[in-house]
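Novice: structure for this input, please:
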Amino acid sequence: MGTSWSARIFDAPPGSAAAMETVLGRIIAQMSNWEAASAISRFNAAPVGQWMPLPGEMLTVLRAGLEMARLSGGAFDPAVGRLVAKWGFGPDGLTGLCEGPHHPSPWTAIAIEGDRARRTADVTLDFSGIAKGFAVDAMAAALRGLGAAHFLVEIGGELQGQGVKPDLQPWWVDVEAPPGLALPTLRIALCGLSVATSGDYRRFRQEGGVRLSHSMDPATGAPITNDVASVTVLHESAMRADAWATAITIMGHERGMALATRHGIAACLIRRVADRGQEYMTPALAAMLD
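Specialist: Predicted structure coming up:
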């Protein structure tokens, strides 16, 4: 996944590390665009129109991604792989740059029937905005299956906490503020909750003095140009938190936070205003902090 993972487990059952490594290996084998033999790479390489059976976990992520695409009007799009590659953020990096035509709504070109799926146009799946969250959920489920009740698991800044620490305190987490923006620290207790953050400082490059984000706006066919510095979402599911953070980031502070508010999502958005940061919270998150 191009990042690190960690776990803190109180009274860890035997085999905990091996169980988590097995989960991660299975998810990478299904959903990594960096692995040529993965299920997602084989799906993307299959002829347009050809049905392909998909592993159960990959289907779960794909269905969730398409659901988020419908909710966000296509701002979140699990089939934006061609666009990611076009701008040099795919597995081939800058060597993958191309000027091919952009599908105006990639997710609509993915069809699912039972346990199989197909592409109806030349689009490709990219789960970078949802797979890490799913992996956090899967690691947590594996630990619960072994009998663990108190743990904090993390992949690349996406976290889920269950139970309490040995000192009976909850798993307190400080949300990372975007570099260069002086803002109060948002400290949250993860007890049966997950947190995911999407930020313009995570993966980007400078080109001609312009910051190009890895977050793609399918509506424009280019990296986002709004002033959103970061979005943090709290949810029981790390997968949902991951997808919502991505969608809100792409939609921007007005449309994104309005959508999150309508759906009762606990979210915090930091917007770049001149040389400072402006913070927005949905009512659901504000209520949690009272």
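
Novice: Ala177 contacts Leu183, correct?
Specialist: Yes: using C-beta atoms under 8 Å, Ala177 is in contact with Leu183, at 4.9 Å. To be clear about C-beta, it is placed using only N, CA and C from the backbone, and glycine gets the same treatment.

Novice: who touches both of these two?
Specialist: Residues within reach of Ala177 and of Leu183 at once, by C-beta atoms under 8 Å, 6 or more residues apart in numbering, are Ile270, Gly277.

Novice: between these two, who's got more neighbours?
Specialist: Ala177 (21 against 16; other C-beta atoms under 10 Å).

Novice: separation between the more buried one and Asn44?
Specialist: Distance, Ala177 to Asn44, using C-beta to C-beta, to the nearest Å: 36 Å.

Novice: again with Glu67
Specialist: Glu67 is 21 Å from Asn44, by C-beta to C-beta.

Novice: more neighbours, the two?
Specialist: Taking neighbours as other C-beta under 10 Å, Glu67 and Asn44 compare with Asn44 leading, 18 against 14.

Novice: residues touching the more buried one, list them.
Specialist: Asn33, Gly81, Arg119, Thr124, Leu125.

Novice: Asp77 too?
Specialist: Contacts of Asp77 (C-beta under 8 Å, 6+ apart): Gly65, Ala69, Ser105, Pro106, Trp107, Met216, Pro218.

Novice: quick one: it is in a helix?
Specialist: No: per DSSP: H, G, I helix; E, B strand; the rest coil, Asp77 lies outside any helix segment and is coil.

Novice: show the pLDDT at it.
Specialist: We have a pLDDT of 96 for Asp77.

Novice: now do the one 10 residues further on
Specialist: Trp87 is assigned a pLDDT of 70 by the prediction.

Novice: check Arg211 too.
Specialist: Reported pLDDT for Arg211: 56.

Novice: next one: phi and psi at Ala111?
Specialist: phi -120, psi 140 (degrees, to the nearest 10).

Novice: skip the chain neighbours and tell me the closest residue to it.
Specialist: Arg118 (5.3 Å; C-beta to C-beta, 6 or more residues apart in numbering).

Novice: just confirm the one you found contacts Gln50, I think it does.
Specialist: Yes: contact criterion C-beta under 8 Å: Arg118 and Gln50 qualify, at 5.9 Å.

Novice: between the two, tell me which one has more neighbours.
Specialist: Arg118 (17 against 10).

Novice: how would you label the more buried one: helix, strand or coil?
Specialist: Arg118 is classified as strand under three-state DSSP.

Novice: same thing with Ser198?
Specialist: Ser198 - assigned by three-state DSSP - is strand.

Novice: got it, and Asp167?
Specialist: Going by three-state DSSP: Asp167 is coil.

Novice: give me the neighbour count for it.
Specialist: There are 6 residues near Asp167, going by other C-beta under 10 Å.

Novice: over to Ala85?
Specialist: 21.

Novice: surely it is within a helix?
Specialist: Yes: assessed by three-state DSSP, Ala85 belongs to a helix.

Novice: okay, now the unreliable bits of the stretch 1-150 of the chain?
Specialist: 88-101 (pLDDT under 70).
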